[in-house]
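1. need coordinates for the following:
(one chain, ligands or ions: 2)
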Amino acid sequence: MFVSVEEARTLLSALLPERETEHVPLALAYGRTLAADLIAKVSHPSATESALDGIACRGADTLLASRDTPVRLRLVGESRAGQAFAGEVGAGEAVRIYTGAPLPDGADAICPVEQLQDAGDDIVLLRPALSSDVRHEGGDFRAGETVLRAGVRLTPSRVALAAALGHAEVPTLRPLKVAVMSTGDEVVEPGQPLTAGQVYNSNAYGLLGMLQEAGCQAALLPAAPDSPEALELALTSIGGADVLLTSGGVSMGKYDFVRDLLIEGGQVSFWKVRMRPGGPAMLGGWRGLPVFGLPGNPVSSLVVFHVIVRPALTGQPLSTLRLRAGTPFRGLADKTAFWRAEVRGAEVFDYAKQGSGVLRSLSEAGALVVMPEGSSAEVGDEVDVVLMG
Ligand SMILES: Nc1nc2c(c(=O)[nH]1)N[C@H]1C(S)=C(S)[C@@H](COP(=O)(O)OP(=O)(O)OC[C@H]3O[C@@H](n4cnc5c(N)ncnc54)[C@H](O)[C@@H]3O)O[C@H]1N2
Ligand code: MOO
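-> Ligands and ions are numbered 1, 2, ... in the order given. Okay, the predicted model is just below:
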């Protein structure tokens, strides 16, 4: 059964289990998915404050201040973070203030130190004090406001935001447990000697890292040889995983046993996706365990993971940019093409080597141009670009 890239994502999502909510401390929340809306417990800023080191005063007193016509104000005190000025700033008065310190009553504008001259008990302004350098209480968010929505990925900036909202721990979805197994008699672990015809197991290490980046709990299994019995044994001994990712053994060869095992002993959701590279990808189930069969070719396995598996596992859509084509890009009649490409400035250029076995092309090119079925792009046309290196 041939499916589109979008259908492949949807079918994989449908096989993933419902996940429980885990409350975790902020320091352990990176990369997880937020399980419930987060409400601000406090306002930020918590008080109206200065955005600069300088003086606070009444802006109206300083409207005409310039280097030629400086304005002199009387210093009546100081406002520091944690030690506010107790009085009120009157007409013709100023208070020294520091970034983040509360704005005193009566003041409504700030002039930075760079535009000030000391004059004993007075201070001289070389330009007007500005109300735009006042940060208002709740200007970022107000107590009670819903600021982070359930389903978002907890990036470092969102974890920082959760801390600012006043949460010490956050409700998150339990990470998916994903097992990774390479298949193939020729596949050898890095560090071991390699003889002609063998290949180092690079796919597993690309996938492991991509799973970690996607917030999954990944486990690397020993590579399985090309024998139906060995593969069946390896699959049977997987305990506790939510999904198994295999690499290799899904194409047309006589020894492509992942394909055979799912077709004969399991259920097949799809075999083959209308895409290049990565066409032979397969999804099925084996005794209740969802199995995603990634093609063995090194570029294909990582591209299929990035454009199909990752969006399904994280619930986040594939992120793309619109950039101008610096070279023409062709589309394919009946497949979505993901061409390796280099981004330079606001333009994207075709990468010379598109073979699915040229692993260095992914790291050198750093991006994929997405060409929908039957499309084409000339120099200067806008195309969708996925950053992936
Ligand atoms: N007659 C046809 N042959 C092929 C077709 C086809 O449609 N008709 N499709 C080609 C495409 S496209 C791909 S992609 C590959 C996928 O094949 P498999 O998933 O069965 O993968 P293998 O044959 O096991 O290996 C392919 C290639 O990748 C190397 N490999 C495998 N595992 C790893 C690993 N863990 N790390 C690094 N490299 C790995 C393996 O040595 C092979 O060179 O099929 C085409 N053939
Ligand atoms: O799709 Mo295969 O992945 O072209 O080499």
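
2. how about the contacts made by the closest residue to residue 109 other than its chain neighbours?
-> Closest residue to residue 109 apart from its sequence neighbours, by C-beta to C-beta, 6 or more residues apart in numbering: residue 59 at 3.2 Å. Using the backbone N, CA and C atoms, a C-beta is placed for each residue, glycine as well. Contacts here follow C-beta atoms under 8 Å, 6 or more residues apart in numbering; on that basis residue 59 touches 108, 109, 128, 129, 130, 131.

3. swap in 10 Å and give it another go.
-> Neighbouring residues of residue 59 by C-beta atoms under 10 Å, 6 or more residues apart in numbering: 107, 108, 109, 110, 111, 128, 129, 130, 131, 132, 133, 134.

4. which of the residues you listed are buried?
-> Listed as buried from those are 107, 108, 109, 110, 111, 128, 129, 130, 133, 134; burial here means 16 or more other C-beta atoms under 10 Å.

5. which element is the fifth one on?
-> Translated: residue 111. Per DSSP states H and E, residue 111 falls inside strand 109-112.

6. just checking, what packs against that strand?
-> strand 49-50, strand 54-57, strand 93-97, strand 122-125, strand 134-135 (3 or more C-beta pairs under 10 Å, 6 or more residues apart in numbering; DSSP states H and E).

7. out of the ones you listed, the one nearest residue 158 is which?
-> Between residue 158 and those, the shortest gap by C-beta to C-beta is with strand 134-135, which sits at 21.3 Å.

8. returning to that earlier point: which residues touch the strand holding residue 111?
-> Taking C-beta under 10 Å, 6+ apart as the rule, strand 109-112 contacts 49-63, 65, 71, 73, 94, 97, 99, 103, 123-135.

9. could you flag which of those residues are buried?
-> 49-59, 61-62, 65, 71, 73, 94, 97, 103, 123, 125-130, 133-135.

10. near ligand 1, list only the ones from the residues you listed.
-> Checked against ligand 1 using C-beta under 6 Å from any ligand atom, the buried ones among the contacts of strand 109-112 yield no neighbours at all.

11. roughly how far does the closest residue to ligand 1 within the chain sit from residue 225?
-> Closest residue of the chain to ligand 1, C-beta to the nearest ligand atom: residue 296 (2.4 Å). Distance, residue 296 to residue 225, using C-beta to C-beta, to the nearest Å: 13 Å.

12. before we move on, what about residue 75?
-> Residue 75 is 82 Å from residue 225, by C-beta to C-beta.

13. which stretches of this protein form helices?
-> In the chain, the segments counted as helices under DSSP state H are 5-15, 156-165, 203-213, 228-236, 257-265, 298-304, 310-314, 360-365.

14. close to ligand 1, is the fifth one?
-> No - contact between helix 257-265 and ligand 1, assessed by C-beta under 6 Å from any ligand atom, is absent, since the two come no nearer than 7.3 Å.

15. extract the C-alpha set from that helix and format it as CSV.
-> Output in CSV follows, covering the C-alpha atoms of helix 257-265 (Å, rounded to 0.1, in the frame of the first residue of the first chain):
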residue,chain,number,x,y,z
PHE,A,257,13.3,-9.8,6.3
VAL,A,258,11.8,-6.9,8.2
ARG,A,259,9.4,-6.6,5.2
ASP,A,260,8.7,-10.3,5.2
LEU,A,261,8.2,-10.5,8.9
LEU,A,262,5.6,-7.7,9.0
ILE,A,263,3.8,-8.9,5.9
GLU,A,264,3.6,-12.6,7.0
GLY,A,265,3.5,-12.4,10.8
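
16. counting contacts, what elements does that helix pack onto?
-> Using 3+ C-beta pairs under 10 Å, 6+ apart, helix 257-265 is in contact with helix 228-236, strand 243-247, strand 267-271, strand 282-286, strand 289-294.

17. wait, the residue of the chain closest to ligand 1 sits on residue 184?
-> Yes - assessed by C-beta atoms under 10 Å, residue 296 is found in contact with residue 184 at 6.3 Å.

18. returning to that earlier point: now the residue nearest to residue 109: how far from residue 117?
-> In terms of C-beta to C-beta, residue 59 sits 19 Å off from residue 117.

19. what's the answer for residue 205, then?
-> On the measure of C-beta to C-beta, residue 205 and residue 117 end up 62 Å apart.

20. same question, residue 195
-> Distance from residue 195 to residue 117, by C-beta to C-beta: 79 Å.

21. who has more neighbours, those two?
-> residue 117 (12 against 7; other C-beta atoms under 10 Å).

22. returning to what we had before: between residue 296 and residue 184, which one's more packed in?
-> Set side by side, residue 296 and residue 184 show more neighbours around residue 296, with 26 against 22, by other C-beta under 10 Å.

23. quick one, what contacts the closest residue to that one other than its chain neighbours?
-> Nearest residue to residue 296, sequence neighbours excluded (C-beta to C-beta, 6+ apart): residue 248, at 3.2 Å. Contacts for residue 248 (C-beta under 10 Å, 6+ apart) come out as 181-187, 199, 201, 203, 223-224, 226, 255-258, 280, 293-297, 301.

24. quick check, pLDDT for residue 248.
-> Listed pLDDT for residue 248 reads 95.

25. give the burial count for residue 385, as a bare number.
-> 22.

26. isn't it right up against residue 367?
-> Yes - between residue 385 and residue 367 a contact is recorded at 5.3 Å, counting by C-beta under 10 Å.
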